[in-house]
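> What follows is a protein structure lacking sequence information:
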C-alpha cells in the first residue's frame, strides 16, 4: 500500500466500551477511523476526540442495524468520507436476558439482525470496496465466548454469535484469494457499560470462577484486534481469538457464578 494512503478502519458501535478502545488503539497504530453509534452520539464524539488526539482523522455516523439492508450504507458513506477502507471491525451488538420459553419472535429477530445480519451486510460492502482497491484488507468480527459456549437466558445472543463465528470462517475461505483475512475475537466478561462496569478498574473486581481472577479490560481486547488488523497477522485467517482470562476452560456458567476458589484445589 502506498505510504501516501493512510490505512482506514471502520469500527461499528465505537461510542463506548470495546468499540471505543479498538478505535483509539487503531488510531495509535496510524489508522484513520470511521466511528458509528446508535443511541449515544456524545459517546461517539468523545471517541472521535480521542482518535483525533492521536493525530488521525475521525468521521462519525449514526447507524441502526435493525434497519436493514439500508444500515449497511453506512460503510459506503464512511469509505467516501475517509477515501478508502482497509479494516472493518464489526463490534455493534445486543442481547437479551430471557428464558427460551419466554422469548418472542421479535426478540429473536432483533438480536439476529444486529449481531448477525448487520455484520454480514457491512462485511459485504467492505469486502467489495477492498477488492476494488486491490490491496487486500482485514475484517474482524467481535463475537463472544458465547460463540463457543451457551448461557442460560441468552438463546438469541448465543445463536447470533455462534452464527457469526461460522460466518467468519466461510468469509475467510472465500475472501482469501483477494488478500482479505477474516477473524473473530471472542471476549469474556469485559469491564464496559454493557456489563454495567463503566469506568471500573477490572483489577478491583474479584471473579473466583475466572482463572485469572478478574474481568478483562477493553484495551486488552483492542490489543488483539490491533494485531489482527495489522501487517504482522497476514497469515492468520479463519480463527477465533478468545479473550476471557481462561473462563471458557471453566465453562461460562461456572465463570459467571462461582463465588469461591475451592475449584483450584483437588
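Noted; the coordinates are in hand. Remember, predicted model here, so these are calculated numbers, not experimental data.
> Longest helix in this protein, please.
helix 155-175 (DSSP state H).
> could you say what helices and strands that one packs with?
Secondary-structure packing of helix 155-175 (3 or more C-beta pairs under 8 Å, 6 or more residues apart in numbering; DSSP states H and E): helix 105-112, helix 118-133, strand 137-142, strand 180-187. Just so you know, the C-beta spots here come from the backbone N, C-alpha and C atoms, and that holds for glycine as well.
> Could I get those in JSON lines, plus columns for mean pLDDT, distance to residue 58 and mean neighbour count?
Shown next, in JSON lines, are the helices and strands packed on helix 155-175 (pLDDT from 0 to 100; distance: least, C-beta to C-beta, whole Å; neighbours: other C-beta atoms under 10 Å):
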{"stretch": "helix 105-112", "mean pLDDT": "96", "distance to residue 58": "29", "mean neighbour count": "14"}
{"stretch": "helix 118-133", "mean pLDDT": "97", "distance to residue 58": "18", "mean neighbour count": "21"}
{"stretch": "strand 137-142", "mean pLDDT": "98", "distance to residue 58": "19", "mean neighbour count": "26"}
{"stretch": "strand 180-187", "mean pLDDT": "97", "distance to residue 58": "22", "mean neighbour count": "25"}
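> could I get the ones you listed as JSON lines with distance to residue 219?
Conversion of those to JSON lines gives the following (distance: least, C-beta to C-beta, whole Å):
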{"stretch": "helix 105-112", "distance to residue 219": "27"}
{"stretch": "helix 118-133", "distance to residue 219": "22"}
{"stretch": "strand 137-142", "distance to residue 219": "14"}
{"stretch": "strand 180-187", "distance to residue 219": "12"}
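> For residue 64, which of these is the nearest?
Taking C-beta to C-beta, helix 118-133 is the member of those nearest to residue 64, at 9.3 Å.
> what residue ranges in this structure are flagged as low confidence?
Counting by pLDDT under 70, the ranges of the chain that qualify are 1-6, 192-200, 203, 252-257, 263, 265-266.
> run the last query once more with 50
1-5, 197 (pLDDT under 50).
> how about the strands in it?
8-11, 32-37, 58-62, 87-90, 137-142, 180-187, 240-243 (DSSP state E).
> The first one pairs with which strands, and in what direction?
Read that as strand 8-11. Note on strand 8-11: by DSSP bridges, its sheet partners are strand 32-37 (parallel), strand 87-90 (parallel).
> about what we covered before: so for the longest helix of the chain, what gets flagged as buried?
155-165, 167-169, 171-172, 175 (16 or more other C-beta atoms under 10 Å).
> what's near enough to touch residue 97?
Counting by C-beta atoms under 8 Å, 6 or more residues apart in numbering, residue 97 touches 153-154.
> and residue 65, how far is that from residue 249?
32 Å (C-beta to C-beta, to the nearest Å).
> of these two, who's got more company?
residue 65 (26 against 12; other C-beta atoms under 10 Å).
> Give me the distance between the more buried one and residue 217.
If you go by C-beta to C-beta, the gap between residue 65 and residue 217 works out to 26 Å.
> hmm, back to that, from the strands paired with strand 8-11, which stretch is densest packed?
Greatest average neighbour count among those goes to strand 87-90 (a mean of 30), per mean count of other C-beta atoms under 10 Å.
> Sweet, I'm off.
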